[in-house]
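> predicted model, plus sequence, below.
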Amino acid sequence: MSLATVNIETMDGRPHVVEVRQGPVGPQGPPTGSLPRGQISIQGNSTPTNIITAGAFVAAGINGTLDTLTDIDFTALADGEFGLKYNGAETKTFWIFGSYDCSDGNNQTLAIRMAKNGTAIPETECRAFTSSGGAEAKLVSTWMLELATGDEVSLLVANISSTNDVIIRRGRLVINCIP
């Protein structure tokens, strides 16, 4: 892959090429000195999340796909945890955005919470209601957290109304370092 870099100066009101350089183009990885960040997503999921107790927050039972083109110092969690693990060397503060689009039986109240190292954060809870016809609940949460090396952030889900299983159709989790 190559790219011509062109420097143009204006002479007599008209542009003139003064320098042309060849160089690489395409995904080259993050720029040196970039802040830690990571994001995962899942689309078109049909695997149900098992709900045993109404109102209890549980792991998603699905894994997200890491966006490797934008990732710096994060890895995707596995084993049915929809989340990211911070691998950076320094403790930093991060802005976190998470969302699920979920379906369930009719007239159900569904909820999400963020979790740090498996512990739910009640302040991040968001609830939405599924109406008739298999409508999806749009659940969104955002929060700031301090993360140290090895800390994990994940999204949990609950059916507040019943023990009906939840299907997370789409999900996304984005973590950005705050400079």
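Sure, I can see it.
> could you report the neighbour count for the nearest residue to residue 87 once chain neighbours are set aside?
Distances taken as CB to CB, 6 or more residues apart in numbering place residue 73 nearest to residue 87, at 5.0 Å, with adjacent residues excluded. (Glycine included, C-beta is placed from N, CA and C.) Number of residues near residue 73 (other CB atoms under 10 Å) recorded here: 22.
> pLDDT weak spots in this structure?
1-32, 133 (pLDDT under 70).
> buried ones in stretch 148-158?
Of all the residues in stretch 148-158, those buried under the rule 16 or more other CB atoms under 10 Å are 151-158.
> how about stretch 37-52?
Neighbour-count burial for stretch 37-52 [16+ other CB under 10 Å]: 37-42, 45, 49, 51.
> with stretch 78-97 instead?
Applying 16+ other CB under 10 Å to stretch 78-97 flags 81-86, 88, 92, 94, 96 as buried.
> of these, which belong to strands?
Counting by DSSP state E, the members of the buried residues of stretch 78-97 that fall within strands are 83-86, 92, 94, 96.
> which two of these have the greatest separation?
Greatest spatial distance among these (CB to CB): 83 and 92, at 17.2 Å.
> that older thread, closest to residue 171 among the buried residues of stretch 148-158?
Proximity of those to residue 171 was ranked by CB to CB; the top entry is residue 155 with 6.7 Å.
> I figured that closest one hits residue 115, correct?
Yes. Contact status for residue 155 versus residue 115: in contact at 7.4 Å, counting by CB atoms under 8 Å.
> leaving out chain neighbours, which residue sits closest to the spatially most central residue of the chain?
Compute the mean C-alpha point of the chain, and by CA atoms, centre = their mean the closest residue is residue 173, 1.6 Å away. Nearest residue to residue 173, sequence neighbours excluded (CB to CB, 6+ apart): residue 98, at 4.6 Å.
> give me the distance between that neighbour and residue 54.
22 Å (CB to CB, to the nearest Å).
> compare those two (neighbour count), which wins?
residue 98 (28 against 14).
> so the more buried one makes contact with residue 156?
No. Using CB under 8 Å, residue 98 is not in contact with residue 156; the gap is 9.7 Å.
> now do the shared contacts for the two.
112, 114 (CB atoms under 8 Å, 6 or more residues apart in numbering).
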